[in-house]
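Return a 3D structure for these sequence lines:
(chains A and B)
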Amino acid sequence: MAKDFPSRSENYAQWYNDLVIKADMAENSAVRGCMVIKPYGYAIWEKMQAALDKKFKDTGHVNAYFPIFIPKSFFSKEASHVEGFAKECAVVTHYRLKNDPNGKGVVVDETAKLEEELIVRPTSETIIWDTYRTWIKSYRDLPLLINQWANVVRWEMRTRLFLRTAEFLWQEGHTAHATADEAIAETERMLDVYADFAENWMAVPVIKGIKSPNERFAGAVETYCIEALMQDGKALQAGTSHFLGQNFAKAFDVQYLSKENKLEYVWATSWGVSTRLMGALIMAHSDDNGLVLPPKLAPTQVVIIPIYKTEEQLSLISEKANQIKTNLQAKGISVKYDDRETYKPGWKFNEYEFKGVPVRLAIGPRDIENGTVEVSRRDTLEKSVYQLSDIETKIDHLLINIQENLYQKALDSRDRLTSKADTWEEFVSLLDNKGGFIHAHWDGTPETEQRIKEETKATIRCIPLDAKPEAGKCILTGKPSEKRVIFARAY
RNA sequence: CGGGAUGUAGCGCAGCCUGGUAGCGCGCUUCGUUCGGGACGAAGAGGCCGGAGGUUCGAAUCCUCUCAUCCCGACCA
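Numbering: from 1, shown residues only, chains lettered A, B, ... in the order given. Reported below is the predicted structural model:
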């Protein structure tokens, strides 16, 4: 058990917060609601970025960059879009400071007022579609498949490290297509990319589905999402992919000439995942001993720690350790040999355990004598002694095994926390006593969803894409329903 | 924007009620002994007590104002 670290059962929220800070991933900054992502946290984010970026490029997308500022007038062009974001926008009104004539510090120079205020982007649909108007003239310009890695600002009232911050990092894909079918196919393709990333890289099982109208993205015709379930039974939206129809094309007048020489509005999608995925990753696997990282996203996959008393021992151990390190690196495994004299082995064990390094190797005089190494895996905390011969292959297999084990554990946990409810009493009782995903019937109306939310704080996380037709009665109103949807309390 | 709380060393806190010039733990520095699961001892460094005003011979402590932050709600990737 780590020092001064709460357990999950004691206080899950505190556990999460302390974990993020003590594992050195992020901390609160001087700016309310904005975090500093520290090198260790950023390294994990970079691994996520690299994997996602490759997937985007493999599916034909290219990266570009659009401005952080958006003219205020752009926001009024798409009615539901502005309505969705108006309440959480940071606005730039002036462009100059001056010395305070009354003495201390600086003040805003009122003479430097902008003609038109600039909005710090909460998302980039408007500026991008304003730009696309000039890029798209012919069917030959389509499809346009662009992604941007950026920061965005949403002025949230209450923030939590990674899960909800006023500024966050994300990627946003914005594509333009000649037909609705093509755009829908793109929307679904990117949803699959996200699901694949979540499951095969993050080792977090997700449910693919579509959002109910209440939860739909402001300006979208249909919002697809992947929903994950955390260990405490609360759901977390891990990614969204929107079919925007022709809403933005019409708002920003983006038209092209078809093969038939007809002027047509283009069809759009947008899709994004954010640093919130860090929160999902942390909560999905970590335990009361600290962070647990899936090998595919761990900045350091293997750490080697020497145990010695004398310089002679250290030099023998170092020779062996460096050899193992080189061989592991040749297999593409990231290895750190921590031979710092300033920390003791026990301290290092705890340090790397807390930071979630998947595999730890310890080499001491006994190992040098026996030709062995002590191998400890973070996911199960099991220790065993391996013979040195072909150690690289064994470690390679161990990493794969850990990755699979983490996914399986997360899947088991989600299955345990997934229930069906057929009556209102059952539904409320499940929410209060167990949490998790609850499959239940809903009459399909926004009013009912709203009432359920007000009474239980649970929302429809999604209507699963693989939901089977099943006649039933809405848990609240008793009206007929054709399939179950997934309810949960969410982050 | 409603309800509650807190600002004292890098971090976490005590001191305030009953005014007398600031202390504890962790961390940090140095030296020695240690080193197979967060070592121990000794010696050090570090704070105009959130800010402004007031009461007083004297304010971290009492009074007034102010700023900031955190927690609980409404909003949300």
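
what's the neighbour count on whatever residue of chain A ends up closest to RNA strand B?
Closest residue of chain A to RNA strand B, C-beta to the nearest atom of the strand: A:Gly364 (2.2 Å). Any C-beta I mention is one placed from the backbone N, CA and C, and that applies to glycine too. As a burial measure, A:Gly364 scores 18 neighbours (other C-beta atoms under 10 Å).

again with A:Ala30
Residues lying near A:Ala30 (other C-beta under 10 Å) number 6.

Name the SS class of it, please.
coil (DSSP: H, G, I helix; E, B strand; the rest coil).

Tell me the helix or strand right after the helix or strand bottoming out on mean pLDDT in chain A.
Least confident helix or strand, chain A: strand A:106-108 with a mean of 80, by mean pLDDT, DSSP states H and E. Downstream of strand A:106-108, the first helix or strand assigned by DSSP states H and E is strand A:113-120.

Just confirm A:Ala183 is within a helix.
Yes - according to three-state DSSP, A:Ala183 belongs to a helix.

So it versus A:Leu19, what's the distance?
As judged by C-beta to C-beta, to the nearest Å, A:Ala183 and A:Leu19 stand 40 Å apart.

What of A:Leu257?
Applying C-beta to C-beta to A:Leu257 and A:Leu19 gives a distance of 55 Å.

repeat for A:Phe248
Distance from A:Phe248 to A:Leu19, counting by C-beta to C-beta: 39 Å.

more crowded one of the two?
Using other C-beta under 10 Å as the criterion, A:Phe248 and A:Leu19 rank with A:Phe248 on top: 28 against 24.

tell me the contacts of that one?
A:Glu78, A:His81, A:Glu125, A:Thr126, A:Trp129, A:Gly219, A:Val254, A:Ala268 (C-beta atoms under 8 Å, 6 or more residues apart in numbering).

Give the rounded mean pLDDT of stretch A:311-319.
Across stretch A:311-319, pLDDT averages out at 95.

contacting residues for the most centrally placed residue in chain A?
Here the mean C-alpha position of chain A is nearest to the C-alpha of A:Leu277 (C-alpha atoms, centre = their mean), at a distance of 1.5 Å. By C-beta under 8 Å, 6+ apart, the residues touching A:Leu277 are A:Met48, A:Ala198, A:Met202, A:Ala238, A:Gly239.

Give me the nearest residue to the residue of chain A closest to RNA strand B, chain neighbours excluded.
Counting by C-beta to C-beta, 6 or more residues apart in numbering, A:Ile307 is the residue found nearest to A:Gly364 once chain neighbours are left out, at 3.5 Å.

For that neighbour, give me its contacts.
Residues in contact with A:Ile307 (C-beta under 8 Å, 6+ apart) are A:Ile317, A:Pro345, A:Ala362, A:Ile363, A:Gly364, A:Pro365.

Give me the contact status of the biggest helix by length in chain A with RNA strand B.
Criterion DSSP state H: the longest helix present in chain A is helix A:391-416. No - in terms of C-beta under 7 Å from any atom of the strand, no part of helix A:391-416 sits within range of RNA strand B; the closest distance is 13.7 Å.

quick one: the helices in chain A?
A:12-22, A:39-58, A:72-75, A:79-85, A:125-135, A:180-200, A:247-251, A:276-285, A:311-330, A:345-354, A:365-370, A:391-416, A:424-433, A:446-456.

before we move on, the earlier item: work out the sheet partners of the least confident helix or strand of chain A and label each with its direction, please.
Strand A:106-108 pairs in its sheet with strand A:97-99 (antiparallel), by DSSP bridges.

for the strand it pairs with, which positions count as buried?
Buried residues in strand A:97-99, defined by neighbour count with 16 or more other C-beta atoms under 10 Å: none.

and if you look at stretch A:35-53?
For stretch A:35-53, burial by neighbour count (16+ other C-beta under 10 Å) applies to A:Met35, A:Ile37, A:Tyr40, A:Gly41, A:Tyr42, A:Ala43, A:Ile44, A:Trp45, A:Lys47, A:Met48, A:Ala51, A:Leu52.

what residues does stretch A:63-83 touch?
Contacts of stretch A:63-83 (C-beta under 8 Å, 6+ apart): A:53, A:56, A:85-86, A:89, A:91-92, A:116-121, A:124-128, A:130-131, A:146-151, A:218-219, A:247-248, A:251-252.

How about the residues of the stretch 151-300 of chain A by RNA strand B?
Residues of the stretch 151-300 of chain A lying near RNA strand B (C-beta under 7 Å from any atom of the strand): A:154, A:156-159, A:163-166, A:168, A:215, A:217, A:237, A:240, A:274-276, A:289.

Grab the nearest non-local neighbour of A:Leu297.
Counting by C-beta to C-beta, 6+ apart, A:Lys47 is the residue found nearest to A:Leu297 once chain neighbours are left out, at 4.7 Å.

what number of residues lie near A:Thr159?
19.

Span of stretch A:442-461 from start to end?
With C-alpha to C-alpha, to the nearest Å applied, stretch A:442-461 spans 12 Å between its terminal residues.

Oh, that last question was meant for stretch A:433-440, not what I typed.
Stretch A:433-440: ends 17 Å apart by C-alpha to C-alpha.

what about that stretch and RNA strand B, touching?
No - Stretch A:433-440 lies apart from RNA strand B when judged by C-beta under 7 Å from any atom of the strand; the minimum separation is 14.7 Å.

Any buried residues in that stretch, and which?
Those buried within stretch A:433-440 under the rule 16+ other C-beta under 10 Å are A:Gly435, A:Gly436, A:Phe437, A:Ile438, A:His439, A:Ala440.

nearest to A:Asp379, of those residues?
For A:Asp379, the nearest member of the buried residues of stretch A:433-440 is A:Gly436. The distance, counting by C-beta to C-beta, is 22.2 Å.

Grab the nearest non-local neighbour of that closest one.
Per C-beta to C-beta, 6+ apart, closest to A:Gly436 is A:Leu417, 3.0 Å.

so how far is A:Gly435 from the one you found?
6 Å.

returning to that earlier point: so of the helices of chain A, which one's packed in deepest?
Compared across these, helix A:276-285 shows the largest average neighbour count, a mean of 25 (mean count of other C-beta atoms under 10 Å).
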